[in-house]
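Participant: The amino acid sequence is not available; the structure is as follows:
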């Protein structure tokens with residue numbers, strides 16, 4: 001029997017030690033302490049994809065450190081987490097030695113699961129991968145998962161780091177940078193850069209206050225609280241012409257610096273940006289492993305794609321939902337940093353067939369049961385049943401009732417709040433609440 005299973009195991013997976021049995025790759029043998037950025041175009045439909053090279057950059061000096069550097073680990077160069085829909089791999093050309101790899105997901109990979117892609121409408125997305133700067137010629141390969149979740153190579157090119165075709169322009173804008181958390185050497189820390197979209201120059205105090213609020217919030221939650229000294233956080237003030245971002249379903253259009261928009265992939269609350277080049281050029285002012293886009297809006301929305309970026313709305317003005325943006329901020333970071341899959345199953349989403357029933361998802365917190373076993377059972381307390389029972393039927397009926405409330409009714413908020421309390425009470429009073437299990441969604 002195989003079923004899609006949902007579970008929260010954030011603390012258990014975010015900080016896994018990246019240990020591998022291969023020969024350890026010495027950074028200084030193969031790389032210089034600076035960053036190469038490879039930009040490319042990703043084109044296709046549901047069952048076809050083509051990657052074509054755009055530009056290879058030697059990233060300029062960080063405005064914070066006034067020198068070029070590599071922000072990623074110099075020790076764990078080969079990715080063994082096996083997360084992400086894609087994997088970039090770098091091979092030393094003279095020896096064919098794998099010297100760097102990193103998993104990631106992308107806008108194109110998610111778009112492939114939409115109705116538009118299934119209907120044969122071709123789309124192109126601009127994407128990037130960051131690499132430690134090689135000393136010698138390398139082969140760069142991008143692999144994509146097939147329908148069985150096995151990586152298959154879809155792109156390969158040889159890069160000569162000394163070539164005249166490597167772009168060495170100083171493409172970093174002179175924007176104000178705020179040090180929010182500075183805990184030392186970027187190569188030994190997780191470096192997060194927060195960018196604002198839809199903030200005019202007059203909105204920048206608001207942006208700074210909101211950044212501080214979100215950072216304080218994140219590092220008051222476990223496991224981040226216990227690992228706070230392992231992070232650096234920078235915020236870059238990016239001025240836009242207009243306040244707010246695009247809301248296509250409301251025919252609201254804003255001229256912003258980074259192009260965030262509601263209704264991404266035709267999902268009303270999904271907020272993404274397709275302006276990859278602008279985002280990367282701004283972020284390059286600081287060393288970064290993770291990008292977070294805070295967009296100036298009080299409307300619920302956000303998004304998160306593994307090792308690409310997170311997005312979150314900046315504030316909430318309604319009393320009953322005043323905590324929602326806090327929840328969204330941490331939730332979306334779980335996607336982009338931890339590779340976590342969505343654990344709600346009753347909300348509308350933009351994608352189809354995201355988790356085929358016969359393939360174990362790569363996300364660490366979503367799995368299928370095979371012959372009574374699940375991939376994280378080593379984390380489960382002995383005697384915990386698989387699947388792990390919970391009152392799903394009652395929860396589903398309450399969720400349906402909540403969805404069917406007449407939003408124009410005088411007592412709408414009273415009815416909604418009562419159902420919310422019932423749903424919360426149901427979850428905290430389950431036999432296996434607070435335990436690692438295999439809870440069916």
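Facilitator: All right, it came through fine. Computed from a predicted model, the values in this text were never measured in an experiment.
Participant: drop to CA atoms for contacts and neighbour counts, all remaining ones
Facilitator: OK.
Participant: Which residues are in contact with the residue nearest to the spatial centre of the chain?
Facilitator: Ranked by distance to the mean C-alpha position of the chain (C-alpha atoms, centre = their mean), the top residue is residue 336 at 1.9 Å. Shown in contact with residue 336 (C-alpha atoms under 8 Å, 6 or more residues apart in numbering): 290, 304, 305, 306, 307, 308, 309, 310.
Participant: how about a cut-off of 10 Å?
Facilitator: 84, 104-105, 290-292, 303-311 (C-alpha atoms under 10 Å, 6 or more residues apart in numbering).
Participant: And for residue 317?
Facilitator: Contacts of residue 317 by C-alpha under 10 Å, 6+ apart are 297, 298, 299, 323.
Participant: I'd assumed the second one was in a strand, is it?
Facilitator: It stands for residue 298. No. Going by DSSP: H, G, I helix; E, B strand; the rest coil, the assignment for residue 298 is coil, not a strand.
Participant: how close does it get to residue 273?
Facilitator: To residue 273, residue 298 is 18 Å away according to C-alpha to C-alpha, to the nearest Å.
Participant: same check, this time on residue 132
Facilitator: Distance of residue 132 to residue 273, computed by C-alpha to C-alpha: 25 Å.
Participant: More neighbours: those two, which one.
Facilitator: Neighbours per residue (other C-alpha atoms under 10 Å) separate residue 132 from residue 273, with residue 132 holding more: 25 against 19.
Participant: which SS state does that one fall under?
Facilitator: What three-state DSSP gives for residue 132 is strand.
Participant: Can you report how many residues neighbour the residue lying closest to it once chain neighbours are set aside?
Facilitator: Nearest residue to residue 132, sequence neighbours excluded (C-alpha to C-alpha, 6 or more residues apart in numbering): residue 35, at 4.9 Å. Neighbouring residues of residue 35 were enumerated by other C-alpha under 10 Å; the total is 24.
Participant: cool, residue 286 as well?
Facilitator: By other C-alpha under 10 Å, 27 other residues sit near residue 286.
Participant: Which residues are in contact with it?
Facilitator: Counted by C-alpha under 10 Å, 6+ apart, residue 286 has contacts 60-66, 68-69, 71, 172, 177, 186, 191-193, 233-236.
Participant: ChimeraX command for the buried members of those?
Facilitator: A single ChimeraX command selects the buried members of the contacts of residue 286 (16 or more other C-alpha atoms under 10 Å):
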select :60,61,62,63,68,69,71,172,177,186,191,192,193,233,234,235,236
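Participant: out of the contacts of residue 286, which are inside helices?
Facilitator: When the contacts of residue 286 are checked against helices (DSSP state H), there are no matches.
Participant: Now find how far off-centre the host helix or strand of residue 28 is within its chain.
Facilitator: Assigned by DSSP states H and E, residue 28 belongs to helix 27-30. Using C-alpha atoms, centre = their mean, to the nearest Å, the mean C-alpha position of helix 27-30 is found 29 Å from that of the whole chain.
Participant: next one: stretch 119-139
Facilitator: 17 Å.
Participant: how long is that stretch end to end?
Facilitator: Distance between the two ends of stretch 119-139: 35 Å, counting by C-alpha to C-alpha.
Participant: and what of stretch 169-182?
Facilitator: Stretch 169-182 has an end-to-end distance of 28 Å (criterion: C-alpha to C-alpha).
Participant: which residues touch that stretch?
Facilitator: 57-64, 189, 191-195, 208, 211-212, 215-216, 228-239, 278, 280-286.
Participant: can we see that at 6 Å?
Facilitator: 60, 232, 233, 234, 235, 236, 237, 281, 285 (C-alpha atoms under 6 Å, 6 or more residues apart in numbering).
Participant: Let me know the closest of these to residue 342.
Facilitator: Nearest to residue 342, judged by C-alpha to C-alpha, of these is residue 233 at 25.1 Å.
Participant: Now do the same contact list for the closest one.
Facilitator: Residue 233 sits next to 180, 181, 191, 192, 193 when contact means C-alpha under 6 Å, 6+ apart.
Participant: ok, back up a step: pLDDT averaged over the host helix or strand of the residue nearest to residue 132, what's the number?
Facilitator: Taking DSSP H and E as the definition, residue 35 sits inside strand 31-45. The average pLDDT within strand 31-45 is 98.
Participant: Buried residues, the helix or strand that comes right after that strand. List them.
Facilitator: Counting by DSSP H and E, the next helix or strand C-terminal to strand 31-45 is strand 48-58. Using 16+ other C-alpha under 10 Å as the test for burial, strand 48-58 gives 49, 51, 56, 57, 58.
Participant: That's all I had, so thanks and see you.
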